[in-house]
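Undergrad: one predicted model, sequence on top.
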Amino acid sequence: MKKDPRGQKPNIKNKRLNNPQSCIVCARRAGAFAVGNGGRFGWFCEVCGPDLAWKAFSAVHMDDVEMRACKAVAEMALDGDPDLVIHAAELPDFLSWCIIRFADAMRKEFAS
Ligand SMILES: [Zn+2]
């Protein structure tokens, strides 16, 4: 994972906490509502909803949850073929596919 300029792994949750632009669960565009307390808020999208948002808001090891979601997306992308090749022309569609699958994987993490 690429490190940030301060030499630390990026903390995605902190970027979504108190960020009305980003759903705290799936990192897609948030809606008009948030969960939270004590001046800390987690906005959520209409697909994730408040129940998943509370779970994400309360998650202690969010980096671990996100890494599991990323690994699940990677496994789906590879689909048993470790030599996946993506041509430049296919990259935008592939990235779009990954973003959607990441959001699904994050919802699945908090649905259980
Ligand atoms: Zn969401």
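TA: Great, that's in hand. Numbers count the residues shown, from 1 in each chain.
Undergrad: any idea how far the helix or strand harbouring C70 is from the chain center?
TA: If you go by DSSP states H and E, C70 is part of helix 62-78. Relative to its chain's centre, helix 62-78 lies at 9 Å (C-alpha atoms, centre = their mean, to the nearest Å).
Undergrad: quick thing: my sequence starts at 48, can you match it?
TA: Okay, residue one is now 48; in that scheme the one you just asked about reads as helix 109-125.
Undergrad: and it, what other elements does it pack with?
TA: Where contact means 3 or more C-beta pairs under 8 Å, 6 or more residues apart in numbering; DSSP states H and E, helix 109-125 is packed against helix 59-63, helix 138-158. Every residue, glycine included, has its C-beta placed from N, CA and C.
Undergrad: now with 6 Å?
TA: Counting contacts by 3 or more C-beta pairs under 6 Å, 6 or more residues apart in numbering; DSSP states H and E, helix 109-125 packs against helix 138-158.
Undergrad: and this structure, which residues reach the ion?
TA: 70, 72-73, 92, 95 (C-beta under 5 Å from the ion).
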